[in-house]
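K.L.:
Sequence and computational prediction follow.
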Amino acid sequence: MSDSTPSSSLADRIGTKPLDPVSAPFAPSGASGSWADEVASPTVKATDNPLEKAQTDGAAEVNNGSGLHDAQYEVEVKLSDLQGDTSSPLYSVSSFEELGISPQILKGIYELNFRKPSKIQEKALPLLLANPPTNMIAQSQSGTGKTAAFVITILSRLDFTKPQQPQALILAPARELARQIESVVHDVGKYVEDLTIQPAVPGAVERNSKVASMVVVGTPGTVMDLIKRRQFDVSNMKVLCLDEADNMLDQQGLGDQCLRVKNMIPRVQQVLLFSATFPDQVMGFARDFCPKANEIKLKRDELTVSGITQMYMDCPSDAGKYDILADLYGLLTVGSSIIFCKRKDTASGIAERLTAAGHEVLAVHSAFDGAERDAIVKKFREGQGKVLITTNVLARGIDVSTVSMVINYDIPMKGRNDEEPDPETYLHRIGRTGRFGRVGVSISFVFDRRSYQALLSIAQHFGIDLVRLDKDDWDKTEQIVKRVIRSSRAGTNLQQ
Ligand SMILES: Nc1ncnc2c1ncn2[C@@H]1O[C@H](COP(=O)(O)OP(=O)(O)OP(=O)(O)O)[C@@H](O)[C@H]1O
C-alpha cells in the first residue's frame, strides 16, 4: 500500500468519489473535496462541532433518568401460537415482584441493586417463566440485562429435591464470559438455598470427577467432551441457554459443538437463545435450533446504545496507529479501557511496546493459558490494571462497568480472508462500554481506504453517526473524550 504523507488526512487521501467498497483505487493525496462531503451519507455524519455532539450524547442522556439511555427501545414481541395473546398479563410487567418469582430470587436481585426490570427483562420474563415452558429467541442491546433475564428463568425452574443433578446448562463462547455468567448465577441466586453451580470450562473439571451441580455454565467444546466422557449426566436437563447465540450458532466449530450438545440432551424443556445481534443469515439456524420460540427482536437501527459516543481517528498508516495509541494513553486511563486488535501478536506487540515506554497495561488473548486468562481479567475487573489489550475473545458479553473507552485498533473484519466488514463484532466490541445506561466512548482507528470503507459500511449498516477526532488537534480530542468519560464516571446506574 502506498501511503501518503502522515500529515494528510484520510479524507484528503481518499478524495470524494463515491466509495466502491471493494476495488476503488486509493485516490492521490490532496484530491479535491472535503471529508464532510464524503461522509454526508444518510447515516454517517461528520458533526461540525464534535464537542457539542459529545456533550449531547453524554449529559443529556445521563439526565434522562429512565435507567436506559434510549427509553424508547421498542422491542417487537412476536409470540408463538401458545402464548400469542398480547393483552395477556404475562406479556409485560413493570416490577420484578409482579413476575411471581420466588422471594429468595427477588432478594438476590435487590441486593444487586436492581430496582426495576429493563425492557428486555420486562418483555421476556413473563414469557420465559410461563408454563408450559416455551423456547425463546431474545435480542436486546448490549448491556441491557439479558444475563439476569435468563438467570432468573433458570433459577425459577430448578428442582431443589435434586441438588446433584444438572438441570440447566448455559453455554458461552469464551471462558471469561462463562465465568462471568457463573458469578451472576451466584449473585442472583445468593439467597436460593441449596443452589449448586459449577463451571465447565477448560481445566475446571478434573478427569476423574463428575459434574454434579444444578446449574452448569461452560464453553461448548468442554461441555461436549464432558458429556461424551460420561462425566456430565444431562438426562435431567430442563433448560439449555446459549448466550451470544448468533456467534455460537454461526461459527463453524462452535455451531457444530452446540448442536451436538443439544442432541445429547434427551428431553430439554426450554431452549433459550440470547444476543444483542441476530444477523439474518443466522436466524434460520437459530429457529431450527430453538423451534416454536417466542421471539423478541430489534430492528437494525435500534441496535446501537446511544450512551456510547462513537468516534474514529484517521491514523497516518497501519504502523502509525501505535503512536496514536501511545498518545492516547493518558485518556485511556481516565476510566478503564479495552483495546481490540485482530491478531494475538498485534495485541502482545503493542502491550510490550507500551510497557517498555513505561505505561501500565494488561494483555489477554487465547494464547494465554486458562489460569492466566482468569487472573488477568480479574485484575482488570478489580481496577488493578486500567488498560486491557485483547482480541475478539473478549468482544462479547464481558461486563465491567468502569470501562469508559473502547479502541478498535483494527476495524473488525470477517470472511476467510477478512474481505468483509464485521458489523456484529463492532457492535459487541463497543458494547463493552456504556453498560446499563452508562455512557462511554469508542474510537475506531482507520488508516487507509479499505479500513475507512469498512468502518463506513459498518456505520451505514446500523445508521451510526460517527464523530471524527483530529489527530492534529489533541486539545480538542482530549476535551471531547474527557467530557464523555466524566459523564460516564458521574452517571453510574441511572436507574437508582
Ligand atoms: N434491572 C437491572 N437494574 C440494574 N442493573 C441491571 C439490571 N439488569 C442488569 N443490570 C446490570 O446491567 C449490566 C449489564 O447487564 P448484562 O451483562 O446482563 O448485559 P447484556 O444485555 O447481557 O449485555 P451484552 O449484550 O453485552 O452481553 C450488568 O452489570 C448488570 O448487573
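P.N.:
Structure received.
K.L.:
Give me every residue in the stretch 51-200 of the chain lying close to the ligand.
P.N.:
Residues of the stretch 51-200 of the chain lying near the ligand by CB under 6 Å from any ligand atom: 112, 114, 117-118, 121, 140, 142-148. In short, each C-beta sits where N, CA and C put it, glycine included.
K.L.:
State the phi and psi torsions of Ala357.
P.N.:
Main-chain torsions, Ala357, degrees, to the nearest 10: phi -80, psi 0.
K.L.:
Near the residue lying closest to it once chain neighbours are set aside, how many residues? Count them for me, please.
P.N.:
Using CB to CB, 6 or more residues apart in numbering and skipping the chain neighbours, the partner closest in space to Ala357 is Ala326 (6.2 Å). By the measure other CB atoms under 10 Å, the count of residues near Ala326 is 15.
K.L.:
do the same with Gln104
P.N.:
Around Gln104 sit 16 other residues, with neighbours defined as other CB under 10 Å.
K.L.:
Now do the contacts for it.
P.N.:
By CB atoms under 8 Å, 6 or more residues apart in numbering, Gln104 lies in contact with 189, 191-193.
K.L.:
measure it to Val192 for me?
P.N.:
Distance of Gln104 to Val192, computed by CB to CB, to the nearest Å: 5 Å.
K.L.:
next one: Ser156
P.N.:
10 Å.
K.L.:
The two - which one has more neighbours?
P.N.:
The residue with more neighbours, out of Ser156 and Val192, is Val192; 20 against 17, by other CB under 10 Å.
K.L.:
list the contacts for Ala148?
P.N.:
Contacts of Ala148 (CB under 8 Å, 6+ apart): 109, 112, 114, 121, 184, 188.
K.L.:
let's see it at 10 Å
P.N.:
Contacts for Ala148 (CB atoms under 10 Å, 6 or more residues apart in numbering) come out as 96, 108-109, 112, 114, 117-118, 120-121, 125, 184-185, 187-188.
K.L.:
again with Ile443
P.N.:
Ile443 makes contact with 309-313, 324-325, 328, 331-332, 337, 339, 405-409, 430, 467, 469, 477, 481, according to CB under 10 Å, 6+ apart.
K.L.:
now Phe285
P.N.:
Phe285 is in contact with 245-246, 249-250, 255, 258-259, counting by CB under 10 Å, 6+ apart.
K.L.:
So what's the gap between the helix or strand hosting it and the chain middle?
P.N.:
Assigned by DSSP states H and E, Phe285 belongs to helix 280-289. Its chain's C-alpha centre and that of helix 280-289 lie 20 Å apart, by CA atoms, centre = their mean, to the nearest Å.
K.L.:
Ala454 reaches Phe445, doesn't it?
P.N.:
No - between Ala454 and Phe445 there is no contact under CB atoms under 10 Å: 11.3 Å.
K.L.:
And Ala130, how close does it get to Leu242?
P.N.:
Distance, Ala130 to Leu242, by CB to CB: 20 Å.
K.L.:
In terms of packing, which of these two has more residues around it?
P.N.:
More crowded of Ala130 and Leu242, by other CB under 10 Å: Leu242, with 29 against 15.
K.L.:
Verify the contact between that one and Cys258 for me.
P.N.:
Yes - the criterion here is CB under 10 Å, and Leu242 meets it with Cys258 at 6.2 Å.
K.L.:
one step back: residues bridging contact with Gln104 and Val192, i.e. touching both?
P.N.:
Shared contacts of Gln104 and Val192 (CB under 10 Å, 6+ apart): Leu155.
K.L.:
Quick one: neighbours of the residue of the stretch 301-450 of the chain found nearest the ligand, just the number.
P.N.:
Nearest residue of the stretch 301-450 of the chain to the ligand: Phe436, at 3.3 Å (CB to the nearest ligand atom). Neighbourhood size, Phe436 [other CB under 10 Å]: 21.
K.L.:
The closest residue in space to it that isn't next to it in sequence: how many residues sit nearby?
P.N.:
Leaving aside its chain neighbours, Phe436 sits nearest to Gly143 (5.2 Å; criterion: CB to CB, 6+ apart). Per other CB under 10 Å, the neighbour tally for Gly143 reads 26.
K.L.:
can you give me the strands for the stretch 251-400 of the chain?
P.N.:
270-275, 294-297, 308-314, 336-340, 362-364, 387-390 (DSSP state E, counting those that start in this stretch).
K.L.:
avg pLDDT for the shortest one?
P.N.:
In other words, strand 362-364. Taken as a whole, strand 362-364 has a mean pLDDT of 98.
K.L.:
strands paired with that strand, and their directions?
P.N.:
Taking DSSP bridges as the criterion, strand 362-364 forms sheet pairs with strand 387-390 (parallel).
K.L.:
Give the rounded mean pLDDT of the strand it pairs with.
P.N.:
The model assigns strand 387-390 a mean pLDDT of 98.
K.L.:
Return the closest of the contacts of Ala148 with respect to the ligand.
P.N.:
Using CB to the nearest ligand atom, the contacts of Ala148 come closest to the ligand at Phe114, 3.5 Å.
K.L.:
Would you confirm that that closest one contacts Lys107?
P.N.:
No - at 11.2 Å, Phe114 does not count as touching Lys107 under the criterion of CB under 10 Å.
K.L.:
quick one: contacts for Met248?
P.N.:
Neighbouring residues of Met248 by CB under 10 Å, 6+ apart: 171-173, 219-220, 242, 254-255, 257-259, 273, 275, 282, 286, 289, 396.
K.L.:
What distance do you get for Ser275 to the ligand?
P.N.:
For Ser275, the distance to the ligand (CB to the nearest ligand atom, to the nearest Å) stands at 7 Å.
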